[in-house]
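# Need a 3D model of the sequence below.
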Amino acid sequence: MALKLHFLATPVLFAFSTEEIWDMIVANTNNYAEWKRGQSETVGRPWAPVTKPEMKAFIGVTILMGILKFPRLEDYWQESCKYLRTDLAEVFSSVRYQQISRFLHISDRTQDLPRNPGDESQHDRLQKVRPLIDHCGLKFKDLYQVGKHITVDEAMIPFKGKWGIKQYMKDKPHKWEIKAFVLADATNGYITRFFIYTKKSVETQYPEVGLCTQAVLDLVEDFHHKGPVLYTDNYYTSPDLYMTLHGYDIYATGTLRISRKGCPKELAKSQLPTKSRVRRGFYKHLSKGPLTAGVWFDRRYVYFLSTSHLPSLPDFTIATTERRDGARKVDVLCPPP
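All right, here's what the predicted structure looks like:
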């Protein structure tokens, strides 16, 4: 027996959008449709300008299709569909949906700059969606104030189309993805700032550093001299980055690749006991100024760097964490997170 799906407006979607952004998308879509149809020698199906309620319904239906996946597009409009019976026919026809999809345009077509294959330094590969990206960036910041604990990481967006900014990630479930650098609240994962990597240099105040360091420094600009604690993984963590952040009163903690420039040689694996001679919970640290580098052995050596956990501070304690040892659970010494 097929289920019947009722459509309800979701406050979450409209919390991140304004009537101005909907008006812009509707106007640019209609403008592009009129221009595109004027370029074609064949008239094709009759076209009526899309309205704002239609555009909102179109976005909602598209989100639905990402959740409920049917074999064919037409299945979403089939009353006798064996998967799920929807009310899409009461919203618009499948033909109308495909028309809107064909002419959907975020940017103003007249403002899009032509691509110059000989010089792409001034070409914005995201120009067709730039107004929406900029709008989301502002809304993400305005709607939620993150707490003291923040984190920087990558967000991978699966994409099957043809686009030069796609990245190949052999170890990911989706091999071809679009990479975004994001700053999020470390307690709940809310993304408050982001930018999409387009494989080309971007305007930054830190052109002298590498991409990873540049991404972190650009994302935390609004947190200078506010004393947050930033968490990073070993892709970003380095002594140089942490010292720069410390100069902005941003404390940091993260896992570390001990081969990074500036890391203490005393903690290199060659200077540590072999796995067969070390017990779980082994811990060693070295400090220099605001930096503390440490190594901890669980099933393998784990390196970390911190400017927020100094051994000289009174709250620096070695705690225990529960681990399995065969069939039983044991307590293993563990440095502060």
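# alpha carbons only for contacts and neighbour counts from here, please
Fine.
# the helices in the stretch 101-250 of the chain, which residues?
According to DSSP state H, counting those that start in this stretch, the stretch 101-250 of the chain carries its helices in the segments 130-143, 211-219, 239-247.
# how about the last one: buried residues?
Of the residues in helix 239-247, those scored as buried under the neighbour-count criterion (16 or more other CA atoms under 10 Å) are 239, 241-243, 245-246.
# Just give me how far the next helix or strand after that helix sits from the chain centre.
Scanning the chain past helix 239-247 towards its C-terminal end, the next helix or strand to appear is strand 251-255 (assignment: DSSP states H and E). Its chain's average C-alpha position is 19 Å from that of strand 251-255, according to CA atoms, centre = their mean, to the nearest Å.
# For residue 173, which of the helices of the stretch 101-250 of the chain is the nearest?
With CA to CA as the measure, helix 211-219 is the member of the helices of the stretch 101-250 of the chain nearest residue 173 (22.7 Å).
# Output the contacting helices and strands for that closest one.
In terms of contact count using 3 or more CA pairs under 8 Å, 6 or more residues apart in numbering; DSSP states H and E, helix 211-219 is assigned the packing partners strand 176-185.
# what residues does the strand it packs on touch?
Residues outside strand 176-185 that contact it (CA atoms under 8 Å, 6 or more residues apart in numbering) are 146-147, 149-160, 165-169, 190-197, 215, 219-220.
# Which of these are buried, as a PyMOL select command?
Written as a PyMOL command, the selection of buried residues from these, which uses 16+ other CA under 10 Å, is:
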select buried, resi 146+149+150+151+152+153+154+155+156+158+165+166+167+190+191+192+193+194+195+196+197+215+219+220
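# OK, contacts around residue 152?
Counting by CA under 8 Å, 6+ apart, residue 152 has contacts 181-184, 216, 219, 230-232.
# switch to 10 Å and redo it
With CA atoms under 10 Å, 6 or more residues apart in numbering as the criterion, the residues that contact residue 152 are 181-186, 191, 193-194, 215-216, 219-220, 230-233, 236.
# any low-confidence regions in the stretch 101-250 of the chain?
In the prediction, the stretch 101-250 of the chain carries residues with pLDDT under 70 at positions 117-121, 201-204.
# Fine, thanks again, bye for now.
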